[in-house]
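> Here you go, sequence then predicted model.
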Amino acid sequence: YPQQPQQPGPYGQQPQYGVPQGPGGYVPHPPAPKKSKTGWIIGAVAVVAAIGVGAYFVLGGSGGNSAVADDTKGYKITPASTVGEFKKEGDGKSGELAPEQKVAADAMGIKNAQQAQASYKSGSSNDPLKTKNMSLNGMWGEVADPEKAIDAAFANYGKNQGAKTQDVKVTLVGSAESKTPAGFEGALMKCQNVTLESTKEQTTPGPKSFTVPTCIWADYGTVGVVNALDPSTMLTGGQGYTLDQVAELTAQQYKASRSKA
């Protein structure tokens, strides 16, 4: 008898921590995770990674781009295979935007935009509690106003889009802080903590809310959103990474994950 094809698991392909689900103007639906105390964190972090770059509007003028080098034009985002202790998982996603994503990119002032995404891990890949995670989610093209693009991206978190689609309330903590870690030159970077709170009844152990430090860089060619988390610390109510630590990772990503278009 011919062999029968294998049936997929009951949940399909499982999402990874911090996997960016798409940088366009919408928040996608990641597959349902298995029930565990880390389950809702997996889905919620996917929301964080997806929201930032998909801003729907442009804020007022800024004039704060004096630190951005003109020679940053003409670059694209090509996620590095390794960044510090982190190794890239899979091939990520890159290429053309969907029509609704193009609308969002135009609103941010990014012409001829394309997307690039990657997720990274360090530590044990078999035990999520012994794994640290980082994601890179961005667009590249012609960025008219780098500071405006960053501000619009953070403002998009403030719209609480996650609460509409993933039973997650997204809240910005304080104000975005400009960061200039060692070796980061020719671009702008701002960082801010983003708190995620489950809006549905908890059926498994674990925190109802947690904070993800998030940094966004922008120059005249690229906009990248980077976040990092340590699940084992988050499950006990801690933050894991600080804004300064994620800023350093973002600086490493900026240096390693850009190439001439």
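Ah, there it is.

> Please enumerate the helices of the stretch 101-250 of the chain.
With DSSP state H, counting those that start in this stretch, the ranges of helices along the stretch 101-250 of the chain come out as 146-158, 161-165, 231-234, 243-256.

> Going by neighbour count, which residues of stretch 226-234 are buried?
By neighbour count with 16 or more other CB atoms under 10 Å, stretch 226-234 contains the buried residues 226-232, 234. C-beta coordinates here come from the backbone N, C-alpha and C atoms, glycine included.

> Report how many residues lie close to residue 95.
Applying other CB atoms under 10 Å, we find 7 residues neighbouring residue 95.

> which residues of the chain score low on pLDDT?
Residues of the chain meeting the criterion pLDDT under 70: 1-63, 125, 159-166, 202-206, 237-239.

> correct me, but residue 207 touches residue 234?
Yes - contact criterion CB atoms under 8 Å: residue 207 and residue 234 qualify, at 6.7 Å.

> Correct me if wrong: residue 76 contacts residue 224.
No - Residue 76 lies out of contact with residue 224 (CB under 8 Å); the separation is 11.1 Å.

> These two: who's more crowded?
Taking neighbours as other CB under 10 Å, residue 76 and residue 224 compare with residue 224 leading, 28 against 18.

> Skipping adjacent residues, who's closest to the more buried one in space?
Leaving out its chain neighbours, the residue that sits closest to residue 224 by CB to CB, 6 or more residues apart in numbering is residue 138, at 3.6 Å.

> repeat for residue 123
Nearest non-adjacent residue to residue 123 (CB to CB, 6+ apart): residue 131, at 4.5 Å.

> same check, this time on residue 86
Nearest one to residue 86, counting by CB to CB, 6+ apart, is residue 120 at 3.7 Å.

> ok so, going back, how far away is the residue nearest to residue 123 from residue 91?
Plainly put, residue 131 is 19 Å away from residue 91 if you go by CB to CB, to the nearest Å.

> Neighbour count for these two, which is higher?
Remark: of residue 131 and residue 91, residue 131 carries more neighbours, 19 against 9, as counted by other CB under 10 Å.

> hang on, isn't that one packed against residue 122?
Yes - in this structure residue 131 lies within contact range of residue 122 using CB under 8 Å: 7.0 Å.

> these two touch, right, residue 89 and residue 120?
Yes - using CB under 8 Å, residue 89 is in contact with residue 120, at 6.5 Å.

> where do the contact lists of the two overlap?
Counting by CB atoms under 8 Å, 6 or more residues apart in numbering, residue 89 and residue 120 have no contacts in common.

> more crowded one of these two?
Applying other CB under 10 Å to residue 89 and residue 120 shows that residue 120 carries more neighbours, namely 29 against 17.
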